[in-house]
Structure formats: structure tokens, C-alpha cells
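Trainee: need a 3D model of the following:
(chains A and B)
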There are 2 protein chains.
Amino acid sequence: MNIVVQKFGGTSVRNLECQRQVMQKVLRPYREGNKVIVVLSAMAGETNRLLELAKEWSDNPDPAEADSLISTGEQISCALFAMLLKQQGVKCRSVLGFQAPVRTDCAYGKARITNIDAPKLKDILQEYDVLVVAGFQGCDDCGRITTLGRGGSDTSAVALAAALKADVCEIYTDVPGVFTTDPNMCSGARKMDRIAYDEMLEMASMGAKVLQIRSVEFAKKYNVTVHVRSTFSDEPGTIVTQEDESMESVLVSGIAYDKDQAQITLVHVMDQPGVSAQIFSPLADQKILVDMIVQSPSKDNLTDMTFTVPRADVDQTIKTLEKLKYEIGYEELTHNLNVSKVSIIGVGMRNHSGVASRAFRALADENVNILMISTSEIKVTCLIDDKYTELAVRTLHKAFNLEEGNQKE
Amino acid sequence: MNIVVQKFGGTSVRNLECQRQVMQKVLRPYREGNKVIVVLSAMAGETNRLLELAKEWSDNPDPAEADSLISTGEQISCALFAMLLKQQGVKCRSVLGFQAPVRTDCAYGKARITNIDAPKLKDILQEYDVLVVAGFQGCDDCGRITTLGRGGSDTSAVALAAALKADVCEIYTDVPGVFTTDPNMCSGARKMDRIAYDEMLEMASMGAKVLQIRSVEFAKKYNVTVHVRSTFSDEPGTIVTQEDESMESVLVSGIAYDKDQAQITLVHVMDQPGVSAQIFSPLADQKILVDMIVQSPSKDNLTDMTFTVPRADVDQTIKTLEKLKYEIGYEELTHNLNVSKVSIIGVGMRNHSGVASRAFRALADENVNILMISTSEIKVTCLIDDKYTELAVRTLHKAFNLEEGNQKE
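Mentor: Modelled structure (predicted):
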């Protein structure tokens, strides 16, 4: 049984006309003799409409009831799409989260998939050629409806592809694929043919929001090949897959950026064991995502501790740390909202030195001052003044010849 | 465990303000220490909105998908109401058809309940004080969502009351109870305190549409006491229950009417065995509901066959019978659209003669001509010219002293 999984987002199913376009995409692998699993999101706007209702009804809506409420969005889009497809004579039916079933834990609103009943789904596939599966939703062990959090339909699709050992998991979206950088910022941005899971994870978390990050982790874990492509064209998109040699021959795959950052500095912290924990544990407790952390060289047993947080969490971060001023024992807290992160990403840099220095030189040549640096195996990130974001992205894109598809020297 | 079942229709839950009113109704038995099963319909208008969507998507929507689609209506109202109630500190949760589960056959769109998992619901009731159950929906043995047909929420409520052996099943509606006749037609109409199941069945099928007829059959079968009452007042309504002696002491309980009727006559049919079957089987095959049937006395081995059908089915009836003109062998087909049925109903007439003749005399005194008559154990129905409907209803209401609550002489 050859199985193809296809996922379409809310924009792609937002009305009858769009659903007819989606139908053409579904009929292609169907006519080639494949069984097709179509994973749908709610029609664009519907989830927000339902969340607004919940807010009107309660200041603090019960998470389990909220999940039951918003899961109706996918239920509606799936039923309608199945009607459409059935009218074409296709043996098909809708399958809701509890029907598959897609089992999850009971973390309502952000549940994680624990199991998909592949044998049951394969049984259903004996009778039907196309299953229209509600994305974003599942059910816990008690049979209550859960949702996977925003963008969860991507994860549904990848998890189904993994469970059913599908030949491919196609994620249809409103862009043609994954680009070397944001095309709105850099006209030279080029669609990649292939990208490794780890690179995609870095790209996604940095704001190239084509695929939900959790779905990429899932795809990597279960080695599911994901094809990100456009609903509105037949061109191939970008294959997200495991690293192979051809990828390693590319030094840098893409440039990502994130303007939603703020920099915090604690001036003159005592440089002694435990002080980092004193600073960062209270922030972690409040689910504030601290990213880059730099500790300046100690002088007179005092150091400066600088780090970044999402801009939305700045007030909370400052409030938390000011309360702890005497416990931590710092002299002053400063912050800077006008910063952004720019990263160069590529599995190729693992086995190659000189990538970072080449990046620094390129930025220096354009007089872009680097405020902080952090590096990982496949990423170099620079914090810069946010007014230079576009300049930095373009400069780095050019420095690594991404327009043409750079090769290792 | 004392259990109270309460059902609220779409008008009662149509917005936040209405749901707050409903909440007050629910809190009353809850505060008295009862476990409460609240059965809700979809918010008014929602089911129609979804049906319109289905019609837009398909000329002939798949019934199973249509059920999955429209069941979201109750899912939304239940989730929202549970949020509201939970905010008051009540231990409550929503329960969907597949979660209860309310098992049905797989006649999508008009499914019949086959089983309710009472032990499971009682288990859930150990943990929660109020269950907000989606009316109108269930699931078949394959776990697909079914709906019970229009007004099915009444049936859901009665079935839950039967399964859980609830103390009472309260059906909240926008009228104060069941009336002796239509108050819009007869200002003397009086709210009944009690009515027998059989009387209610006759009243309901005749157009006094307070309770869905199937729910009354269900209530009768499982001996569930139903209390029909108003969402907008605290006054007691009408108890629908099994017949008892006090009811039999009342000769006539109510006057019903149905203006949606048409009369068909086949003139000069051969009076021979099998001719009735020849006429009525083809109509039954097309699900045309033939009601009153009168055969005139035979003359020269010829007879006239007269019957009534719902007005909407007249064209279909005529078309069907004209095709069979030579097989049946009648001379002429006539029809009359300007007729209506008026009935007097009461379990008391079972053991009492003279009810019919008293009715005929009352109508005659007002010069209302009777076109056809049919009688059952607890009902006398007259077909009349529909312009006399109001006159006939008022005349009969008065003739049996229904304004004061008539007693047997």
C-alpha cells in the first residue's frame, strides 16, 4: 500500500474555491494509485473566531473545554472537504482526532502525540482511498479532545506519515518552499531544493516560519521526508530530509534573523559559583526563553552578565530580576530593545573552520557592529543593532554566495 | 445519587446572556445536592448555518459527513456553557455523543439511540457534579458521529434520563408548558398540569410542537416523567407521565389541529379485494404519510376512496396515482387543498361514550360541515374546510369546558 500524506493549511481551505484547488492536488497521487491521507487545518479565521468566543464567555477558559471548542474548526473543514471529494466519486471519509485515534497526553492546548493507531488506520484504508484527517487535534486516554497548539497540523501530518510509513509527507503552504533567507528582505534569496532537519530546525526557530518547529523535530526523530511546497503551483518545493554528503559540501545553507529580541545586562555581578542559576532559574520558572548568554571576563571578582529574551518578555524579566537585586547582588540592570539576531546556518560548517570569521569580516566591512556572538555546531549567531538587520542579512547572503548555491572552497 | 436531567433548546443558549439565565436553572438542583445532566442544543441558527455550508459544497452532501459537520453546533454550545459553569466553581465538563457514548444505529441524519453507557456516565459523575451533554448527537458502532434528526435533543435528554434513572427530565422551552389548545387561536387555552404520554403523542403529532414526538415515545417506553417548562420563568410547567385515574376522570384533555392537510378522492374504484393495497403501497414506498382513509359504501360494485396526505406531498401523490390509473382502474382523481384536521384528545374518552356525538353537535350548531371523520381510542378527528379551523377549535374547546378543566359528567 503506497501512502502519500498531504497537509493543507487554513488559507488553502478557507472557502469552496480554494478547496476545489486543494482537491486537484489530492487527485494527482490518488489517480496514480496511491492511498492519500489529507490533513487539513481549520478554515482561515475560524480558530480565532472560536477563541474570541471563549474569551467572551470566560476570563480564563477551561483548557479542556477550549480544546473541544476549537477542534470544531478542523471538524468542519474536513467534513466539507470530504463531501467535495466524495462528489467526485472518490471513496473517502473524514477522520477526526478521536477516530484515528491520534492519542496524546492531556496537556490541553499544547498536547503531545503519544501514539497513532496505524493498524486501525490501515484497516480504514482498505475501504477508502482517501482519508481526510483533522489536523491539530487528538484525544487523551480518557477520550477527551486535545489540541496540539498553533501550527499543530504540521505535526499531525508528519506523525501520520511516520506511523503509516508514508512515501512522502507533503506540506502545502502559501510559499514555494524554504528559502536561503527571507525573500522580502533580500531579493537574491533562492529556494533550496533540499535542507537537513537540523538546518530546518535552526531556520524555523529563527523566524523562517514555513514549518512548525515541533513537526521538524518529529520528522527528524522518525526520519520522515517532508516536502514543503506551494498550494498554488505545481513546482517542486523544498525537501526536508536527513543530512547527506551533498549537503555537507555546502558550507552555509541559509541566513535567518529574528527581530523580536531584547538584550538585558546585569552589571557587576559577583563572579562566584551559583550566580548563573540564581539569575536564570527564576526566569525559567516563568517560562521566559533566555537565548544568547555572554559572561564578560571577570575583573576584581565582578563580571557583567548579558543575555537575550523575546521582546514580549522584557517587562516580566526586569520585574523578576529587580525583585532579586539583593539576593543576586548586581549593581545595575540595563536593557536594549533595539537589537536583532542574524544567523548563518549550515551543516557544512561542522567540518569546516573559518565560517565565523568570514561572517564577522563581511559585517565589519559594512560597519555593522556585533553586540554578542554565540555559536553552535551548525550555526553562528550575531546580535546586532536592529536597524542593520536588512543590511546584515544581505551582506551575509552575498558573502556566502547563497544566490548561486555556494560550494565549499 | 439523585440525578436531574435538564434540556435547553437553541433559543435558550443562543448567546452569553441566555446561557447565564440557563446557568441559574442548572444551579438550582445542583445547590440542592443533585447531580445534574444538562443537555444542550446548538445555539439558535448554527445548525442551519452549517446545513447551508453543506448545500454550498455539495448538491447531495454525504450524510455521514453532514452529521460530523452539524454536530459541531452542539459541541460549541456545550464547551462554552461548561466554561461558564466552571468559572462559578462547579465541577463540570462537557460530554459529546461519542464520549458518553450515546450509541446509535448508522442511519446518519435520523439515527436511533441503541444504547447509552450508563455505568460509564455514572463513573464520570463520581468526579463531576454537572455534565454538559451534547444533545442531538451520538456515534455508531464504528465511532462515526451520527445525529438524531431535528428536535433530537429532546430524545437525547429523555434517553439519558431513562438510562441514568433520573428523578425527572426537565425540558426547557420558550412556552410555559402544554396547553389545552393553541393559545394563538383560542384565548381560553389553559396550561395543563399533567398529560398522559398517549395524549401528548396525539397532541404533538397534531401540531402542538412542544416536544419532539419520538422523545415522547421514548419517555412512554421507559416510563420517564418529563416536565415541560419555560426557560424564562420559575413556574411549574406540564408533567408528561403515565396515565393515572385522575387523568381518566377528565373526558377531553385538549384540542389539536393541523392545517397542513390535503384531501384526495379516487372516484369509482372497483370494490374488490386488493384495491386498497394497489392504491396505498406505492404511496408508502415514496414515504408519503397517508392519514385519514374513508371508503364510501359500495354501489354497483364501485366505491369512492378518500384520504388525506400532507399538503407538501399532494403533487407527488397525484403523479404517482395518475401513472397507475389503468392498473387501479378508477374513473377520476379529485383533490382539495383547503382542508384542515381538528381533533379532540383525551384518555378519558376510552371508557365513555358520547364524546364524538357531542363534538359533532357542537360543530353543527356553528354550521361547520364535517368532510371526513376518523376515530381512535383516545381521539376523534374531523376533516373540515380550513377556513373554519379557528371556529371549530374554539367551539370544541368551549363545548368540553376546557377553559375550566372539564370533568366527566
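
Trainee: now do the strand or helix carrying A:Ile318: which elements does it pack against?
Mentor: Taking DSSP states H and E as the criterion, A:Ile318 maps to helix A:314-323. Contacts of helix A:314-323 with other secondary structure elements, assessed using 3 or more CB pairs under 8 Å, 6 or more residues apart in numbering or on different chains; DSSP states H and E, are made with strand A:254-270, helix A:275-285, strand A:332-345. To be clear about C-beta, it is placed using only N, CA and C from the backbone, and glycine gets the same treatment.

Trainee: now with 10 Å?
Mentor: Contacting helix A:314-323 under the criterion 3 or more CB pairs under 10 Å, 6 or more residues apart in numbering or on different chains; DSSP states H and E are the following elements: strand A:254-270, helix A:275-285, strand A:302-310, strand A:332-345.

Trainee: what residues sit buried inside that helix?
Mentor: Neighbour-count burial for helix A:314-323, counted by 16 or more other CB atoms under 10 Å in any protein chain shown, picks out A:Val314, A:Thr317, A:Ile318, A:Thr320, A:Leu321.

Trainee: now stretch A:151-169
Mentor: Those would be A:151-164, A:166, A:168-169, for stretch A:151-169 by 16+ other CB under 10 Å.

Trainee: now do stretch A:389-402
Mentor: For stretch A:389-402, burial by neighbour count (16+ other CB under 10 Å) applies to A:Thr389, A:Glu390, A:Leu391, A:Ala392, A:Val393, A:Arg394, A:Thr395, A:Leu396, A:His397, A:Ala399, A:Phe400, A:Leu402.

Trainee: need the residues you listed in TSV with secondary structure, can you?
Mentor: Conversion of these to TSV gives the following (DSSP: H, G, I helix; E, B strand; the rest coil):
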residue	secondary structure
A:Thr389	helix
A:Glu390	helix
A:Leu391	helix
A:Ala392	helix
A:Val393	helix
A:Arg394	helix
A:Thr395	helix
A:Leu396	helix
A:His397	helix
A:Ala399	helix
A:Phe400	coil
A:Leu402	coil
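
Trainee: ok, the residues you listed vs chain B, which is closest?
Mentor: A:Thr389 (41.7 Å; CB to the nearest CB).

Trainee: which residues does that closest one contact?
Mentor: Neighbouring residues of A:Thr389 by CB atoms under 10 Å, 6 or more residues apart in numbering or on different chains: A:Asp182, A:Met185, A:Tyr257, A:Asp258, A:Lys259, A:Val339, A:Ser340, A:Lys341, A:Val342, A:Val368.

Trainee: how about A:Val26?
Mentor: A:4, A:6, A:8, A:19, A:36-38, A:81, A:84-85, A:88, A:90, A:92, A:130, A:132.

Trainee: could you turn the buried ones of those into a ChimeraX selection?
Mentor: Buried residues within the contacts of A:Val26, by 16+ other CB under 10 Å, are selected in ChimeraX with:
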select /A:4,6,8,19,36,37,38,81,84,85,90,92,130,132
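
Trainee: so which of the contacts of A:Val26 sit within strands?
Mentor: Counting by DSSP state E, the contacts of A:Val26 place A:Val4, A:Gln6, A:Phe8, A:Val36, A:Ile37, A:Val38, A:Cys92, A:Val130, A:Val132 in strands.

Trainee: wait, A:Leu50 sits on A:Ala42?
Mentor: Yes - checked against CB atoms under 10 Å, the pair A:Leu50 and A:Ala42 is within contact range at 8.2 Å.

Trainee: between the two, which one's more packed in?
Mentor: The residue with more neighbours, out of A:Leu50 and A:Ala42, is A:Ala42; 28 against 21, by other CB atoms under 10 Å in any protein chain shown.

Trainee: between A:Leu50 and A:Ala42, which contacts overlap?
Mentor: Common neighbours of A:Leu50 and A:Ala42 (CB under 10 Å, 6+ apart) are A:Ile70, A:Ser71, A:Thr72, A:Gly73.

Trainee: okay if I get those residues as TSV plus pLDDT?
Mentor: As requested, those are arranged in TSV below (pLDDT from 0 to 100):
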residue	pLDDT
A:Ile70	97
A:Ser71	97
A:Thr72	98
A:Gly73	97
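
Trainee: where's A:Ile195, which helix or strand?
Mentor: strand A:194-196.

Trainee: Provide the strand pairings for that strand, with the direction of each partner.
Mentor: The sheet places strand A:194-196 alongside strand A:238-241 (parallel), with pairing taken from DSSP bridges.

Trainee: look up how far B:Phe98 lies from the closest residue to A:Asn115 other than its chain neighbours.
Mentor: The shortest distance from A:Asn115 to any residue that is not its chain neighbour, by CB to CB, 6 or more residues apart in numbering or on different chains, is 4.2 Å, and that residue is A:Arg103. Using CB to CB, to the nearest Å, we find A:Arg103 at a distance of 15 Å from B:Phe98.

Trainee: neighbour count: these two, which is higher?
Mentor: Using other CB under 10 Å as the criterion, A:Arg103 and B:Phe98 rank with B:Phe98 on top: 24 against 19.

Trainee: quick one: secondary structure of that one?
Mentor: State at B:Phe98, reduced to three classes by three-state DSSP: coil.

Trainee: so what's it up against?
Mentor: If a contact means CB under 10 Å, 6+ apart, then B:Phe98 has A:96, A:98-99, A:139, A:143, A:145, B:71, B:134, B:137-140, B:143-146 as its contacts.
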